[in-house]
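Novice: attaching a predicted model along with its sequence, questions to come.
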Amino acid sequence: MASKIAYQGEPGANSNIACQQMFPDMESVPCASFEDAFELVSSGEAELAMIPIENSIAGRVADIHILLPQSNLQIVGEYFLPIHFDLLGIPGSTIEAATEVHSHIHALGQCRKLIREHGLKPVIAGDTAGSAREVAEWNDPRKLSLAPPLAAQIYGLDVLASGVEDDPSNTTRFVVLARETALPAREELPGPAVTSFLFRVRNVPSALYKALGGFATNGVNMTRLESYMVGNEFAATMFMADVEGHPEDLPLKLALEELDFFTTEVRILGVYPAADYRAAAATA
């Protein structure tokens, strides 16, 4: 029996595509919510979960910065997926006869040019692939879907236009989650590594500036830094960060030691191999 990897969304979603591309030998298991995907891994029903964490256009994915720290999972990998959308309709349908286009709100926002050009009414759906399934079920030539290319194959739809996204460089970064275990030693990750962690600064002036100073002085590249509020008050702020390197690398080791001095909490969420996409993007 094949190992399982969970993802949020319906078959044909971008998360499904990321699972197939990174782990072609694993069985991809769709989940209705991120919480369900997390639970499948926590319970042992799935070995891994593929979770989107940020998009180059839309920014961070809502809820993940809350769910991940509360889970008993850790990040063990990452994957960058170029996001492409096709305009799909039932067999025999045409763009000229269509009046509506259905998709996730982010997909609609990322394909504005096509929607305006053809005078289509955008209708928000819960999921890109889900909108393709609904269009197939409705069997109405006036209703189209904006969905990833895989959805056309799964739901038997015609591709009326391909690659209709406004920005072809649009990319989503996914993290691969597994149940918590000991962090890999440096010798287990001989190549470029990424360390993800969260921290809470002390409530003193310039606390964040001082906390981050160690990364600058030790030459550690921080590729992501996000803040979010903790609880119902506006008094405590958590930060989630990604840096290049392994905690056993001397520059990062020194930076984390300095960070610890100016914070009340530091928690490493994962240490994992850097995706090849990072090196390619750095030289582009």
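Specialist: Now that the structure is in, tell me what you want to look at. Note that the structure is predicted; figures quoted are calculated from it, not measured.
Novice: quick check: E165 touching L87?
Specialist: No: the pair E165 and L87 does not pass the contact test of C-beta atoms under 8 Å, sitting 10.6 Å apart. C-beta: built from backbone N, CA, C; applies to glycine.
Novice: of those two, who's got more company?
Specialist: The neighbour comparison of E165 against L87 (other C-beta atoms under 10 Å) goes to L87, with 26 against 20.
Novice: what distance do you get for that one to P148?
Specialist: Going from L87 to P148 by C-beta to C-beta, to the nearest Å gives 12 Å.
Novice: list the residues that contact both of the two?
Specialist: The contact sets of L87 and P148 do not overlap (C-beta atoms under 8 Å, 6 or more residues apart in numbering).
Novice: show the pLDDT at M238.
Specialist: Looking at M238, its pLDDT is 87.
Novice: what are the contacting residues of the helix or strand where it lies?
Specialist: If you go by DSSP states H and E, M238 is part of strand 237-244. By C-beta under 8 Å, 6+ apart, the residues outside strand 237-244 that reach it are 65, 69, 192-201, 208, 215, 220-230, 252, 255, 269, 274.
Novice: do stretch 159-170 as well
Specialist: Counting by C-beta under 8 Å, 6+ apart, 55-57, 82-89, 93-95, 110-114, 144, 146, 149, 152 sit against stretch 159-170.
Novice: hmm, back to that, among the contacts of strand 237-244, which lie within helices?
Specialist: H65, P69, L208, F215, L252, A255 (DSSP state H).
Novice: show me the shaky parts of the stretch 101-250 of the chain.
Specialist: Regions of the stretch 101-250 of the chain meeting the criterion pLDDT under 70 cover residues 231-236.
Novice: what segments of it are helices?
Specialist: 105-109, 112-117, 128-138, 149-155, 207-217, 250-261 (DSSP state H, counting those that start in this stretch).
Novice: could you dump these into CSV and include mean neighbour count and distance to T99?
Specialist: Formatted as CSV, the helices of the stretch 101-250 of the chain follow (neighbours: other C-beta atoms under 10 Å; distance: least, C-beta to C-beta, whole Å):
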stretch, mean neighbour count, distance to T99
helix 105-109, 18, 15
helix 112-117, 14, 12
helix 128-138, 23, 13
helix 149-155, 20, 20
helix 207-217, 17, 50
helix 250-261, 17, 55
